[in-house]
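In: okay, predicted coordinates and the sequence, questions at the end:
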Amino acid sequence: MYMSTDEIREKFLQFFESKGHLRLPSFSLIPKNDKSLLLINAGMAPLKPYFLGIEEPPRRRITTCQKCIRTPDIDRVGKTARHATFFEMLGNFSFGDYFKREAIIWAWEFVTEVLKLPRERLWVTIYEEDDEAFEIWHKEVGLEPDRIKRMGKEDNFWEIGTGPCGPCSEIYFDRGEEKGCGRPTCGIGCDCDRFVEFWNLVFTQFDKDENGVYHRLKNPNIDTGMGLERIAAIMQEVDSLFDIDIVKAIRDKVCEVTGYDYGKDAEKDVSVRVITDHIRGTVFMIGDGILPSNEGRGYVLRRLIRRAARHGRMLDKKEAFLHLIVDTVVESYKNPYPELVQKAEYIKKVLYNEESRFNQTIDVGLEILESEIEKLKKNKETVLNGEIAFKMYDTYGFPLDLTKEIAAEKGIIIDQERFDELMQQQKERARAAQKELENAGWKDINIVIDEDIETIFVGYDTLKQEAKIL
Ligand code: ATP
Ligand code: MG
Ligand code: MG
Ligand code: MG
């Protein structure tokens, strides 16, 4: 049964509201008071203080649709049907309130009664030792034992270091044999796009101590995450998350501004999907206040913008074009994220500045890099030296990952050790220069610091100007 992405998002949140959950809006992509994370990558991430008991939640049951960024998946984007670096995660959470039984039964109810997915296409996995989950799926939900697959710790046990952790259970949809890889071993857990994992239910029931001993929590928690784009692709019966209503509109716009006909060339289609993914992530990141820079979050943003620009080149697009897609992204997301509407002009400026800056060096950079790669190939060598990789970074603005990626396409790797060394030297030089500058300042001018000066946020107009002179 076809359902629009907006409808699925709303139905999910309403469903869990009807089960006593408090609906909260998506948190920012920038984590608050959490140094362990650069960008929010799951619905539970901004709720950590509640899970850890550091803060009291406004209610013991919460439901959200959270914007997420996952750059570790970047190499898969555009190649699989199911990975993006930006996606939304629907979730229901229990802080010491309901547990495994309700989490499983409600998930099944939502999937089969609200979404009305045919049960013969649904499969679940559980952690191999979690007999409790098996009993609930089998006896209460009524799933046949051969539809409940037991998996090892790597796949179905969630933990990071010490602290709260526990087994999980994932729900899969079988998209049909024709979507599979055809290997005799193909099944759940196969890397192809036949069985799509779309919902992960995490049962946080242990506290792991420093000695690796698992203690049962008195008040266990529930944390679930369902990928909105994945479930939308299932509901809309389309090939990939780039074909769902709100994303397809953006994909079409990418084709329009680059003048490329989607479907003509498999490699170029990948570029279209990469741009479609990265423009969504960058719009949301800039909207949340991140600016391109050489460090941390800003660097992730820079890398996404520059990677998208390079894929633009692969579609023969020479001028800056990313800003031309912003209005379409805003149109796709303005219902759940109305704040994007006021930020659109600002976002376009930041994108335009970053892309045009890179445009000044990208062509020469690409030419140099490609000729270096050619030379290596001719000599049957496979390692690009660190000096060149560093020059690409320092002079031509190529993030290391971009250079790596272009080289890898031709089977070349990079001498990362040498690159790191050069990077370190540059940082030290910059630090020394900065110090000299500071000393000179104190020597040469008699600076008086006015203690009354305060920095105040004066709105996006000023930021606009800042963006202009970047
Ligand atoms: P996968 O094994 O497919 O990479 P995952 O196990 O890493 O997914 P979880 O951490 O369990 O994903 O996240 C919960 C849900 O979020 C997944 O079941 C999926 O629906 C969605 N999701 C995860 N990663 C992505 C991604 N890169 N793009 C789109 N949706 C994703
Ligand atoms: Mg993953
Ligand atoms: Mg998985
Ligand atoms: Mg998972």
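Out: Noted; the coordinates are in hand. Numbers count the residues shown, from 1 in each chain. Ligands and ions are numbered 1, 2, ... in the order given.
In: phi and psi next, for the spatially closest residue to R121 that is not a sequence neighbour.
Out: Sequence neighbours aside, D174 is the residue nearest to R121 in space, at 4.6 Å (criterion: CB to CB, 6 or more residues apart in numbering). Yep, even glycine has a C-beta here, placed from its N, CA and C like the rest. Main-chain dihedrals, D174, degrees, to the nearest 10: phi -90, psi 110.
In: partners of D174 in the sheet?
Out: Here D174 sits in beta bridges with F195, as judged by DSSP bridges.
In: now do the contacts for it.
Out: By CB atoms under 8 Å, 6 or more residues apart in numbering, the contact list for D174 reads 121-123, 194-195.
In: kindly state the beta-bridge partners for the residue of the chain at minimum distance from ligand 1.
Out: Of all residues in the chain, G227 sits closest to ligand 1, at 2.5 Å by CB to the nearest ligand atom. Counting by DSSP bridges, G227 forms beta bridges with M89.
In: what ranges does this protein have for its strands?
Out: With strands called from DSSP state E, the chain shows them at 22-24, 61-69, 86-94, 122-127, 148-151, 157-158, 163-174, 195-208, 214-227, 383-384, 413-414.
In: list the helices and strands the first one packs on?
Out: Other helices and strands packing on strand 22-24, by 3 or more CB pairs under 8 Å, 6 or more residues apart in numbering; DSSP states H and E, are helix 5-17, strand 61-69.
In: mind giving me the PyMOL select for the contacts of D174, buried ones only?
Out: The following PyMOL line selects those of those that are buried, judged by 16 or more other CB atoms under 10 Å:
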select buried, resi 122+123+194+195
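In: just put the contacts of D174 in JSON lines and tack on pLDDT and distance to ligand 1.
Out: JSON lines is the format used below for these (pLDDT from 0 to 100; distance: CB to the nearest ligand atom, whole Å):
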{"residue": "R121", "pLDDT": "96", "distance to ligand 1": "16"}
{"residue": "L122", "pLDDT": "97", "distance to ligand 1": "14"}
{"residue": "W123", "pLDDT": "97", "distance to ligand 1": "13"}
{"residue": "R194", "pLDDT": "94", "distance to ligand 1": "13"}
{"residue": "F195", "pLDDT": "95", "distance to ligand 1": "10"}
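In: circling back: what's the distance between the residue nearest to R121 and C168?
Out: Using CB to CB, to the nearest Å, we find D174 at a distance of 20 Å from C168.
In: so which bits of the stretch 51-200 of the chain are right by ligand 1?
Out: Residues of the stretch 51-200 of the chain lying near ligand 1 by CB under 6 Å from any ligand atom: 70, 73, 82-84, 87, 89, 197-200.
In: recalculate using a threshold of 8 Å.
Out: 68, 70, 73, 76-77, 82-85, 87, 89, 155, 168, 170, 196-200 (CB under 8 Å from any ligand atom).
In: can you give the domain ranges for this protein?
Out: Per the record, the chain has its domains at 5-235, 244-414, by automatic domain parsing.
In: and the last one, does that touch ligand 1?
Out: No - contact of domain 244-414 with ligand 1 (CB under 8 Å from any ligand atom) is absent, the minimum separation being 8.8 Å.
In: average pLDDT across that domain?
Out: For domain 244-414, mean pLDDT rounds to 96.
In: and the end-to-end length of it?
Out: Taking CA to CA, to the nearest Å, domain 244-414 runs 37 Å from one end to the other.
In: for the longest one, same thing?
Out: The first and last residues of domain 5-235 sit 9 Å apart, counting by CA to CA.
In: circling back to that earlier point, could you check the pLDDT of the residue nearest to R121?
Out: 95.
In: before we move on, what about G459?
Out: As predicted, G459 sits at a pLDDT of 44.
In: check E454 too.
Out: pLDDT, E454: 42.
In: next: L470.
Out: For L470, pLDDT reads 34.
In: residue contacts, the residue lying closest to G78 once chain neighbours are set aside?
Out: In space, and not counting its chain neighbours, G78 is closest to R273: 3.6 Å by CB to CB, 6+ apart. Listed by CB under 8 Å, 6+ apart, the contact set of R273 reads 77-78, 240, 242, 251.
In: and these as JSON lines, adding neighbour count?
Out: JSON lines is the format used below for the contacts of R273 (neighbours: other CB atoms under 10 Å):
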{"residue": "V77", "neighbour count": "24"}
{"residue": "G78", "neighbour count": "21"}
{"residue": "S240", "neighbour count": "21"}
{"residue": "F242", "neighbour count": "24"}
{"residue": "R251", "neighbour count": "23"}
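In: any chance of those in CSV, with distance to G298 too?
Out: Formatted as CSV, the contacts of R273 follow (distance: CB to CB, whole Å):
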residue, distance to G298
V77, 20
G78, 24
S240, 30
F242, 27
R251, 27
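In: if we can go back for a sec, need the helices and strands packed on strand 22-24 in CSV with mean neighbour count, can you?
Out: Shown next, in CSV, are these (neighbours: other CB under 10 Å):
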stretch, mean neighbour count
helix 5-17, 18
strand 61-69, 23
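In: now render these as TSV, adding distance to I234.
Out: Output for the helices and strands packed on strand 22-24, formatted as TSV (distance: least, CB to CB, whole Å):
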stretch	distance to I234
helix 5-17	10
strand 61-69	17
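In: relative to K139, which of the ones you listed is closest?
Out: K139 lies closest to helix 5-17 among the helices and strands packed on strand 22-24, at 23.4 Å (CB to CB).
In: K32 contacts L47, correct?
Out: No - in terms of CB atoms under 8 Å, K32 does not count as a neighbour of L47; the distance is 11.0 Å.
In: so for the residue nearest to Y50 when sequence neighbours are not counted, what's the pLDDT?
Out: The shortest distance from Y50 to any non-neighbouring residue, by CB to CB, 6+ apart, is to P57 (4.1 Å). Listed pLDDT for P57 reads 97.
In: okay, now P57: neighbour count?
Out: Number of residues near P57 (other CB atoms under 10 Å) recorded here: 19.
In: cool, and I54?
Out: By other CB under 10 Å, 9 other residues sit near I54.
In: so what touches stretch 409-424?
Out: Residues from elsewhere that reach stretch 409-424 (CB under 8 Å, 6+ apart): 373, 376-377, 382-387, 389-390, 393, 400, 403-404, 407.
In: what about the longest helix in this protein?
Out: Criterion DSSP state H: the longest helix present in the chain is helix 339-378.
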